[in-house]
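Asker: when you get a sec, could you give me coordinates for this:
(chains A, B, C and D, ligands or ions: 4)
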Amino acid sequence: MTVMEQRGAYRPTPPPAWQPRTDPAPLLPDALPHRVLGTRAAERVDPDLLRRLYAQLVRGRRYNTQATALTKQGRLAVYPSSTGQEACEVAAALVLEERDWLFPSYRDTLAAVARGLDPVQALTLLRGDWHTGYDPREHRVAPLSTPLATQLPHAVGLAHAARLKGDDVVALALVGDGGTSEGDFHEALNFAAVWQAPVVFLVQNNGFAISVPLAKQTAAPSLAHKAVGYGMPGRLVDGNDAVAVHEVLGEAVARARAGGGPTLVEAVTYRMEAHTNADDDKRYREDAEVEAWRAHDPIALLEQELTGRGLLDEDAVRAVREDAEAMAADLRERMNQDPVLDPADLFAHVYARPTPQLLEQEALLRAELDAEAGRPEDEPEGNAR
Amino acid sequence: MTVMEQRGAYRPTPPPAWQPRTDPAPLLPDALPHRVLGTRAAERVDPDLLRRLYAQLVRGRRYNTQATALTKQGRLAVYPSSTGQEACEVAAALVLEERDWLFPSYRDTLAAVARGLDPVQALTLLRGDWHTGYDPREHRVAPLSTPLATQLPHAVGLAHAARLKGDDVVALALVGDGGTSEGDFHEALNFAAVWQAPVVFLVQNNGFAISVPLAKQTAAPSLAHKAVGYGMPGRLVDGNDAVAVHEVLGEAVARARAGGGPTLVEAVTYRMEAHTNADDDKRYREDAEVEAWRAHDPIALLEQELTGRGLLDEDAVRAVREDAEAMAADLRERMNQDPVLDPADLFAHVYARPTPQLLEQEALLRAELDAEAGRPEDEPEGNAR
Amino acid sequence: MTTVAVKPATMAQALGRALRDAMADDPAVHVMGEDVGTLGGVFRVTDGLAKEFGEDRVTDTPLAEAGILGTAVGMAMYGLRPVVEMQFDAFAYPAFEQLLSHVAKMRNRTRGAMPLPLTVRVPYGGGIGGVEHHSDSSEAYYIATPGLHVVTPATVSDAYGLLRAAIASDDPVVFLEPKRLYWSKDAWNPEEPQAVEPIGRAVVRRTGRSATLITYGPSVPVCLEAAEAARAEGWDLEVVDLRSLVPFDDETVAASVRRTGRAVVVHESGGFGGPGGEIAARVTERCFHHLEAPVLRVAGFDIPYPPPMLERHHLPGVDRILDAVARLQWEAQSR
Amino acid sequence: MTTVAVKPATMAQALGRALRDAMADDPAVHVMGEDVGTLGGVFRVTDGLAKEFGEDRVTDTPLAEAGILGTAVGMAMYGLRPVVEMQFDAFAYPAFEQLLSHVAKMRNRTRGAMPLPLTVRVPYGGGIGGVEHHSDSSEAYYIATPGLHVVTPATVSDAYGLLRAAIASDDPVVFLEPKRLYWSKDAWNPEEPQAVEPIGRAVVRRTGRSATLITYGPSVPVCLEAAEAARAEGWDLEVVDLRSLVPFDDETVAASVRRTGRAVVVHESGGFGGPGGEIAARVTERCFHHLEAPVLRVAGFDIPYPPPMLERHHLPGVDRILDAVARLQWEAQSR
Ligand SMILES: Cc1ncc(C[n+]2csc(CCOP(=O)(O)OP(=O)(O)O)c2C)c(N)n1
Ligand SMILES: Cc1ncc(C[n+]2csc(CCOP(=O)(O)OP(=O)(O)O)c2C)c(N)n1
Ligand SMILES: [Mg+2]
Ligand SMILES: [Mg+2]
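Answerer: Ligands and ions are numbered 1, 2, ... in the order given. Presented below is the predicted three-dimensional model:
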């Protein structure tokens, strides 16, 4: 049987042949976000995982602060920080196998880095030397997507294609609370469910879409409740609890891998910085609100657990910090070098082969640059603009 | 307090301040579609309503068959028949007050006619003499919308505007099962819920989007379950039970009118004819399936009830049929007259005032038509194309 | 050339055959869209494909054009070659964000690392008595979007040859199918070996000395008809069928206009901001001193596509083309 | 004219002031979009409006552009005058189906019974170092859509005057705001009585005898700068600011070119299929025998908008404009 024929074969029948519609309970999220840290369940978590998550969270936070610092020095055009959301970013990266794919949104540079991308290459978009600084196929990380929610159907299509080819590949796609309002969110989730594609959607509900709070974005009981309308399970998780996010995503990935279809996960978290360095969050939220969330910091939560269980001594902390500092120093240093740019790139990748028109335009630019540089200029050709 | 400030003021708070997410039960539809006819509840229904619905159903069926006949005679370019779905079409029209608005899709000519539109004017789009044959403001019926689901945000915006103005107006928007997959469906429902707009969405689930059965359109338990993801109630109703549809829509309209916000209603019904006269439904469904639905015909169901309760004697049936025949005869006769067309209309309504360019183009066409008619032609002007 | 008895086939059939052959040749080719499977498409272009290749490769999607194109992007990212059908021109609009922001840009965005071999088939144009939204000529939107190839056949054999080339292309191609030519037939013979027609080459469909009609898609047969009718007026018109709007074959077009010294661009799409302006401007840039008169345009009016009963007034017809030719300043002022 | 001390304001402020005045004058005017309320818009154009007029009239919508425009259509159907903000050019694309199939067609569809007085504000163009999708010049899409007016200011006072006219118009207007001019200032004085600038009139920003630069929006200041620089080369350039692309002011443009005999069209938008082709073609149709050289175009390249560090190569600058002017065949062959 082919992949597509496996689908439930609904045929319209009149009553009395009607069957009661499936009980939606298995699709509904819990009333409160799932948490592990600070609960008994934490005790059963593999210490290695805790340590790995911790190291990545610290590194991630450092990455965020370093990148923000680089915007102040004019070395980055813009940086949408994920400070406060590192648990989601890191768990999303760690939960995947090498062969799986990650579909980040514009805020998720960190997830890409945690997945193994070069920290500088990952910043290419935001530095402004090119749109994407890495080969997506190398680490199976799609380009950071700026148009919100548009990458979700890509994730569905890729996961579906992998399944059609018989490959054991799962796609994990990230989107914000604001992004859930877009039509592409809806269409992606619907295709995923109809096709039973091996894809997991992680909504990082950080309370805001730039200045717009969640209450103006949705009237739903939770974003995870949207799953019901697609016939896929919805899960609600504490987005600052790295272990809980890792667990919930892990279950969803496993389910997708086993042919069980897509899952929608909502992680409740908070954006601790302004939308980007260019934003002024004083205009739309109170300091007190931000402060209240500081008590629920993802790194502190995990540190408590590790310390409490005696899994983290001073040396370990120091090692983790040093690693993070080394990464930051390397990032700083390499970002302080001007990237080497080739204007010819403008024309080289529009098509597999430049059109005659692009070749003309490239020649025009080359002549201009030569003239600027004082090199002998070719005669301008004909009437080409 | 203004309309928009009434919205629940969600502020992101960290745990332990988290509240359990609202119990979704009030949003969930019943397991089986709501029915009245053939149940005890039918006995309590106002006989007048039954008779009104009956007369309109019979008339509606006749309208459908007449319109289909007109396609065969080349008097209509195309007709997407609502035969089998008359209960939805009629109930949608009758449930509204004069001041309310109806937003039909391309299949809902009948709903527009049942609301009071001239039967010929309502067919203008499908006849091909213009795009819309009526002034939408006259009967508060929006133009029949061909691009699927695109009229839903219009309904939301209109209802919202009415509420902002303090007018007691409800909008009812119709869409098909296929249309629920479009991004516009999602965005419309979300805006409606966030704004608590007085709007009701009626999905006529007739089993198919042209050839594509519902199982390839959604994996949800029902289309009504989609309501949960927007935080609005979802209702499931037997779409061939005119009384049940009228009741469920009536409740939703009343709720909207009272400031209770939007409702999503799924009516389970069946398209008895091909998608349009141009379609060949043999390619994608079995006769047996169509036949099975004949036993659940909306007119027959209502007739049974009326006859059973002694509310319909032969005279009444005859009167209803005669009225329907008269409507059909009038429709036939008027549709057999060639509409009077004015090519100048092509340019008259693109803008409030035609641009200079349109005036040039109109002059060009007029000169051509004059030449065709053998009238003296003006000198062609300059280089105008 | 054809020696065996020609079994005429329609353009729709030739397109179907191109899809079939492409699918048979390359397992990466997938067909998807609304009603393309069981039904075989509303124009029956994909008729029989689902039966032959199964639902996994010929897929009836949910009704959501952005979703169709967006998932196709993902499939192409994984190495498939999706061929997407948009049911009608205007129903491609919901997919425009995916098309403009991703399909057209993915290769460039990734410095060539992530090409998108993806074909978007769009039945376009009028003349079939369609109601609102079923007759748009939307090529202006596509050609203004760098990163897309834009191709449109006017003959049955080009329909086959260009669609094969589109599917084989490693770049996204918007493949515009002139609806009213779906039922057209010519000498194309499905029994003969088939040729792929490379994208980017215009063709002179009729040679002539007096003036050049530059056109494409549904207007090609109209221009050929006009050229025949023009003989009575003493004009010998050349007709160039562009076939590919992007890339544009400047060479063939300019060579023709240099020979004839006069040109009219003909298309159904609205005039203002339509392809005709680009074409007239390019031709003028290249052939200015060969021109006896400005390049004129015969295009659809600048109005929303009219209802069926009025569309004949809108569509460029033989008379309107000849009127334009008549305005090409034959009583040449000395220049 | 100005006698009191001029208090310079930015274009963004002038736009905000136009919105404010329109709202104060007409309770039907509503402002809606992403972040337009509490935040005052990412460019602060709507700063202060929510406070002054309340959330019912200045609404932070959910994040969904088709929904924003689609609900605005419904609001306009009920008699309101919505002014919609699209946060950046490329983020208007998800709303294209609503724009192309409804906004542009509603009046025509209903034979005038249902006009849509609706303004869509689109910050557009590059030069601000924006990443992907934040610098598109999408005017080609808008001008090819009959039923829309397309307007773009280049000066602070036009920003005020044209936006007032757009909001007052009974037709939908796509109001293109040149992002990099948001912070520009000129003699516009918010303290003085303000004038509405009717839509559809181009203006000669600088008179000259040698050749005409035809331009609009962000390229107007660049052309003025080029005209100054050209004096050194002995060229006296006229600069026409179109202000309105639809309707197009053929009269002003053609009159200028007839005077000068030479023209270059300048815009940021990609060249192929961009507005420049239309403009060059129309000018040539109307001024053929006055032209000493073909109308040339200086436009963005036919590429996806480049990343910040490369955008200076893409944007038409003074040198590229002067190079084009130099190619206008000054050593005129006798014609
Ligand atoms: C289609 C689209 N519309 C608008 C924008 C502009 N924009 C960038 S980020 C943003 C808010 C996103 O909010 P959310 O989805 O919650 O993600 P977050 O920023 O909180 O991570 C907006 C409106 C965009 N990038 N894409
Ligand atoms: C946006 C859009 N895409 C595609 C179409 C072409 N089309 C017309 S009707 C139809 C099927 C509609 O199915 P459904 O929504 O279930 O309504 P029904 O025809 O059953 O009443 C399709 C695909 C369209 N009209 N609009
Ligand atoms: Mg957010
Ligand atoms: Mg249906």
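Asker: domain map for the chain?
Answerer: No chain was given, so I picked chain A. Using automatic domain parsing, the domain ranges for chain A come out as A:27-276+A:286-335, A:342-385.
Asker: switch to chain C, please.
Answerer: C:11-181, C:203-326.
Asker: check whether the last one contacts chain A.
Answerer: Yes: counting by C-beta under 8 Å from any C-beta of the partner chain, chain A is contacted by domain C:203-326 at C:Val246, C:Pro247, C:Phe248, C:Asp250, C:Glu251, C:Glu285, C:Arg286, C:Phe288. C-beta coordinates here come from the backbone N, C-alpha and C atoms, glycine included.
Asker: returning to that earlier point: export the domains of chain A to JSON lines and tack on distance to B:Met232 and mean neighbour count?
Answerer: Rendered in JSON lines, the data for the domains of chain A read as follows (distance: least, C-beta to C-beta, whole Å; neighbours: other C-beta atoms under 10 Å in any protein chain shown):
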{"stretch": "domain A:27-276+A:286-335", "distance to B:Met232": "7", "mean neighbour count": "22"}
{"stretch": "domain A:342-385", "distance to B:Met232": "45", "mean neighbour count": "16"}
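Asker: mean pLDDT for those domains: which is lowest?
Answerer: Mean pLDDT is lowest for domain A:342-385 out of the domains of chain A, coming in at a mean of 84.
Asker: A:Cys88: what secondary structure?
Answerer: With DSSP: H, G, I helix; E, B strand; the rest coil as the basis, A:Cys88 sits in helix.
Asker: excluding its backbone neighbours, what's nearest residue 301?
Answerer: I'll assume chain A. Leaving out its chain neighbours, the residue that sits closest to A:Leu301 by C-beta to C-beta, 6 or more residues apart in numbering or on different chains is A:Leu37, at 4.9 Å.
Asker: can you look at chain C instead?
Answerer: B:Gln361 (4.8 Å).
Asker: can I get the helix or strand harbouring the one you found in PDB, CA atoms only?
Answerer: Element membership for B:Gln361 (DSSP states H and E) is helix B:356-372. Output in PDB follows, covering the C-alpha atoms of helix B:356-372 (Å, rounded to 0.1, in the frame of the first residue of the first chain):
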ATOM      1  CA  PRO B 356      -7.700  59.300 -19.000                       C
ATOM      2  CA  GLN B 357      -6.300  56.000 -20.200                       C
ATOM      3  CA  LEU B 358      -9.700  54.300 -19.800                       C
ATOM      4  CA  LEU B 359     -11.300  57.100 -21.700                       C
ATOM      5  CA  GLU B 360      -8.900  56.600 -24.600                       C
ATOM      6  CA  GLN B 361      -9.600  52.900 -24.600                       C
ATOM      7  CA  GLU B 362     -13.400  53.500 -24.500                       C
ATOM      8  CA  ALA B 363     -13.100  55.800 -27.500                       C
ATOM      9  CA  LEU B 364     -11.100  53.100 -29.300                       C
ATOM     10  CA  LEU B 365     -13.800  50.500 -28.700                       C
ATOM     11  CA  ARG B 366     -16.500  52.900 -29.600                       C
ATOM     12  CA  ALA B 367     -14.800  53.700 -32.900                       C
ATOM     13  CA  GLU B 368     -14.500  49.900 -33.600                       C
ATOM     14  CA  LEU B 369     -18.200  49.300 -32.800                       C
ATOM     15  CA  ASP B 370     -19.200  52.200 -35.000                       C
ATOM     16  CA  ALA B 371     -17.100  50.900 -37.800                       C
ATOM     17  CA  GLU B 372     -18.700  47.400 -37.300                       C
END
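Asker: keep only those of the residues of domain C:203-326 next to chain A that are in strands.
Answerer: Among these, the ones falling in strands (DSSP state E) are C:Val246.
Asker: who wins on neighbours among the residues of domain C:203-326 next to chain A?
Answerer: If you count neighbours using other C-beta atoms under 10 Å in any protein chain shown, the busiest of the residues of domain C:203-326 next to chain A is C:Val246, which has 27 neighbours.
Asker: tell me the bridge partners for that one.
Answerer: For C:Val246, the beta-bridge assignment (DSSP bridges) gives partners C:Val150.
Asker: can you give me the distance of it to C:His149?
Answerer: 5 Å (C-beta to C-beta, to the nearest Å).
Asker: can you pull the phi/psi pair for the residue nearest in space to the middle of chain A?
Answerer: The centroid of chain A falls nearest to A:Pro104 when counting by C-alpha atoms, centre = their mean (3.0 Å). Main-chain torsions, A:Pro104, degrees, to the nearest 10: phi -80, psi 160.
Asker: got the contact list for it?
Answerer: By C-beta atoms under 8 Å, 6 or more residues apart in numbering or on different chains, the residues touching A:Pro104 are A:Ala111, A:Ala112, A:Val141, A:Ala142, A:Leu144, A:Ser145, A:Gln151, A:Leu174.
Asker: how about a cut-off of 10 Å?
Answerer: Contacts were defined as C-beta atoms under 10 Å, 6 or more residues apart in numbering or on different chains; by that measure A:Pro104 touches A:89, A:92-93, A:110-112, A:115, A:117, A:122, A:141-145, A:151, A:172-175.
Asker: out of those, which sit inside helices?
Answerer: A:Glu89, A:Ala92, A:Ala93, A:Leu110, A:Ala111, A:Ala112, A:Gln151 (DSSP state H).
Asker: wait, doesn't the residue nearest to A:Leu301 sit right on A:Thr307?
Answerer: No: the pair A:Leu37 and A:Thr307 does not pass the contact test of C-beta atoms under 10 Å, sitting 11.9 Å apart.
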